[in-house]
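Engineer: below: sequence and its predicted model.
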Amino acid sequence: MTGLNVDQNISSRINLMRILLICGIVFVHVPHDPASDVVIAQTGWFNWLSVFLGDSLFRIGVPCLSMISGYLLLRKGAASFDYGKVVRSKTMTVLLPFLIWNLGLFVAILGLQRVGIGVGYFPDITASLREMLTYAFALEGMPANVPLYFLRDLFVCILLSPILLFLLRHAAIPVLALLFVLAVIPDLSFAIVVKRSILFSFALGMFLGMRGADLKALDRFAWPVSIATLVAAFALSLAIYLSQPAYPWGVDLARNILSIVGAFGFWMISAIAIETRLGRRLASTGSLSFWVFCAHYPVLVALWMVWNRVGTAEAYPLFYFGSVVVSLVILVISNAVMMRIASPVYEVLTGSRGRREKLAKATSNRPVGSSHPMEPKLSQQRR
């Protein structure tokens, strides 16, 4: 055992899950085109592996991160919930980073496409005023910086939190059951959020926080549940692989279910991983996970643009794995550089996470026995 107390253990596991899942989400967004799709289809081992990583295992990431955010919102109980304070806080930590990162890429795409660069790599954001507003603010669909739909949906969930709290207090099981059905049934649309699974997962996280759930209660089953989760992801990837190019309704339903239920499996995996030296080191990376999440998509697309100049479709498997590795290296270095040489800017880009990280480090360096108003406690970082 690591000697962590309950709150420290849970906080470390949450941070560990964030960095692992967000690095996994990078696989989901690796670019491809029809030529590379042909290569993927003709390469059995790589076809299955790309399906396993991008369409099965790491699809769990967004619902899991949503559940964490809902739990942290009410981890102190519903009585301590201050809606005005929460909205003000989340405006700075969620909405502002979304606007900066997304509008920054939006303006960059607009400038590039005006001179004929990036056409075919990014969507045509000048197609109509309605589509421009969607790419800029994710009003009706995906934003220009595609992964940031999560921040958009998360802020919507924050705005809806008093309604969700009321419903969970008076009819938790029926409400969660309805939201689960809406989340997993394929081909449904729900105008409030871009991804329906986010609303359910956030509400479930709120419910767990409101009830003061013991998040370590099932840790004794960590190994069997972790193995079951990986087996389920393997089985789903095999079903998707064997049904290509079709996407049967039942397979789509299974993928949606696993993306939500798999969050509990990843929580069990974190119970095992946090006991390792590597796991504890990854859990201490702090705001890096948010930096990777916000910046990885434009880096991937930039690498894709370079690859199409120097690479070949036949070598796409090399790009698939190489782009993830190169992107993570670039993002880790840029995160460290920005934190060091432009700390105020970095704090804005990461929604004040950099500032909280510095406070936490300063607190941890205080002499044993000294008192300080920022004593170690469960991390309040949000995704």
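Structural biologist: Sure, I can see it.

Engineer: show me what whatever helix or strand residue 241 lives in is packed against.
Structural biologist: Secondary structure assigned from DSSP states H and E places residue 241 in helix 222-243. Counting contacts by 3 or more CB pairs under 8 Å, 6 or more residues apart in numbering; DSSP states H and E, helix 222-243 packs against helix 44-51, helix 249-273. No exception for glycine: its C-beta is placed from N, CA and C like everyone else's.

Engineer: in the last one, what counts as buried?
Structural biologist: For helix 249-273, a neighbour-count test (16 or more other CB atoms under 10 Å) marks 251-252, 254-260, 262-263, 265-271, 273 as buried.

Engineer: on that earlier part again, give the rounded mean pLDDT of the helix holding residue 241.
Structural biologist: Here helix 222-243 scores 96 as its mean pLDDT.

Engineer: list the buried residues in it.
Structural biologist: Going by neighbour count (16+ other CB under 10 Å), the buried part of helix 222-243 is 222, 225-226, 229, 232-233, 236-237, 239-241.

Engineer: does residue 77 touch residue 212 like I think?
Structural biologist: Yes: if you go by CB atoms under 8 Å, residue 77 and residue 212 touch, sitting 6.6 Å apart.

Engineer: tell me where the stretch 251-383 of the chain has strands.
Structural biologist: With DSSP state E, counting those that start in this stretch as the criterion, the stretch 251-383 of the chain has no strands.

Engineer: measure stretch 116-131 end to end?
Structural biologist: Start-to-end span of stretch 116-131 (CA to CA, to the nearest Å) is 19 Å.

Engineer: quick check: buried residues in the lengthiest helix in the chain?
Structural biologist: Looking across the chain with DSSP state H, the single longest helix is helix 149-184. By neighbour count on 16+ other CB under 10 Å, the buried set for helix 149-184 is 149-158, 160-161, 164-165, 167-168, 172, 175-176, 179-180, 183-184.

Engineer: where are the low-confidence patches of the chain?
Structural biologist: Counting by pLDDT under 70, the chain contains low-confidence ranges at 1-6, 354-383.

Engineer: how many neighbours does residue 63 have?
Structural biologist: By other CB atoms under 10 Å, the residues close to residue 63 number 28.

Engineer: so what's it up against?
Structural biologist: Residues in contact with residue 63 (CB atoms under 8 Å, 6 or more residues apart in numbering) are 197-198, 200-201, 259-260, 262-263.

Engineer: and it, how far from residue 278?
Structural biologist: 25 Å (CB to CB, to the nearest Å).

Engineer: apart from its neighbours in sequence, what residue is nearest residue 223?
Structural biologist: Once flanking residues are discounted, residue 223 sits nearest to residue 272: 6.9 Å by CB to CB, 6 or more residues apart in numbering.

Engineer: so which helix or strand takes in residue 37?
Structural biologist: Assigned by DSSP H and E, residue 37 falls in helix 34-42.

Engineer: quick one, that helix and helix 44-51 angle?
Structural biologist: Going by axes from the mean of the first three to the mean of the last three CA atoms, to 10 degrees, helix 34-42 is angled at 110 degrees with respect to helix 44-51.

Engineer: how about the CA coordinates for helix 34-42, as PDB?
Structural biologist: Listed next in PDB are the C-alpha coordinates belonging to helix 34-42 (Å, rounded to 0.1, in the frame of the first residue of the first chain):
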ATOM      1  CA  PRO A  34     -10.500   7.500 -47.800                       C
ATOM      2  CA  ALA A  35      -7.100   6.400 -49.000                       C
ATOM      3  CA  SER A  36      -5.900   5.500 -45.500                       C
ATOM      4  CA  ASP A  37      -9.300   3.900 -44.800                       C
ATOM      5  CA  VAL A  38      -8.600   1.500 -47.600                       C
ATOM      6  CA  VAL A  39      -5.200   0.600 -46.100                       C
ATOM      7  CA  ILE A  40      -6.800   0.100 -42.700                       C
ATOM      8  CA  ALA A  41      -9.400  -2.200 -44.100                       C
ATOM      9  CA  GLN A  42      -6.700  -4.300 -45.900                       C
END
